[in-house]
Structure formats: C-alpha cells, structure tokens
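Chemist: Quick one, fold the following:
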Amino acid sequence: MTGLEAFEALDLRVGRIVRAEPNEKARKPAYKLWVDLGPLGVRTSSAQLTELYTPEGLQGRLVIAAVNLGVRRIAGFSSEVLVLGVPDAEGRVVLLTPEREVPPGGRVF
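Modeler: All right, here's what the predicted structure looks like:
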C-alpha cells in the first residue's frame, strides 16, 4: 500500500459537537461527546480534552474525526469516532478544526 492509498483508507470527516459531558468513569479526565456527522448521523466519542475545553465551550464546535477506526468501549462509554487534536507546548490537546464554517459530514482530502 502506498502512502496515498493509506491516507485514502482513513475516512476523516467534519463533525459538529452537539453534546458534551464529563465521563465520570474515565481513569484520566475525559468528555463524552456526541458528534453530528451530517449524512453519517450522530456518533459518539470519548476525548481527553478537559485541560483546555469545557463541555459548554465544546457544544457547537466543528471538529475533524476519523470515522472508520472501529468502536471502542472507554470507561463504559461507546466511542465510535476519534476526534483529532494535536498537543500544544505543554502537552494539552488542541482540537483540529476547519478554518471556516463547512457542512458536517464533509470528507477531508
């Protein structure tokens, strides 16, 4: 598989967080997220974003998510997509987001 084929196998989509709440059962502080992916529907994600984000601040935010990596159970919560981020200088997760408003469900290419 070439590098381009490997990238094309990964399905990255734009989503909008419609609900966020603390995952009280997680070993490390995390949020339960519900992400609207347009035509793909609303999918759930567990994300360790508590250092820079509040549940209220996450609602309505556009994010980039990998949607075809399978489902994992994390602290009793079904995580269906992986919301992407990068570490800042202190190692805190900063969300990857589109630089302007786009419709949920759009594929990253």
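
Chemist: all contacts plus neighbour counts: C-alpha atoms, from now on.
Modeler: OK.

Chemist: so where do the helices sit in the protein?
Modeler: 3-9, 55-58 (DSSP state H).

Chemist: Just name the most buried of those helices.
Modeler: Per-residue neighbour counts averaged over each of the helices of the chain give the maximum for helix 55-58, namely a mean of 14 (mean count of other C-alpha atoms under 10 Å).

Chemist: Distance from it to the middle of the chain?
Modeler: Relative to the chain's own centre, helix 55-58 is displaced by 13 Å; criterion: C-alpha atoms, centre = their mean, to the nearest Å.

Chemist: quick one: contacts of that helix?
Modeler: Where contact means C-alpha atoms under 8 Å, 6 or more residues apart in numbering, the residues beyond helix 55-58 that reach it are 17, 19-22, 31.

Chemist: what bridges to the spatially most central residue of the chain?
Modeler: Centrality entry for the chain: nearest residue to the mean C-alpha point is Val83, 1.8 Å, by C-alpha atoms, centre = their mean. Here Val83 sits in beta bridges with Ala65, going by DSSP bridges.
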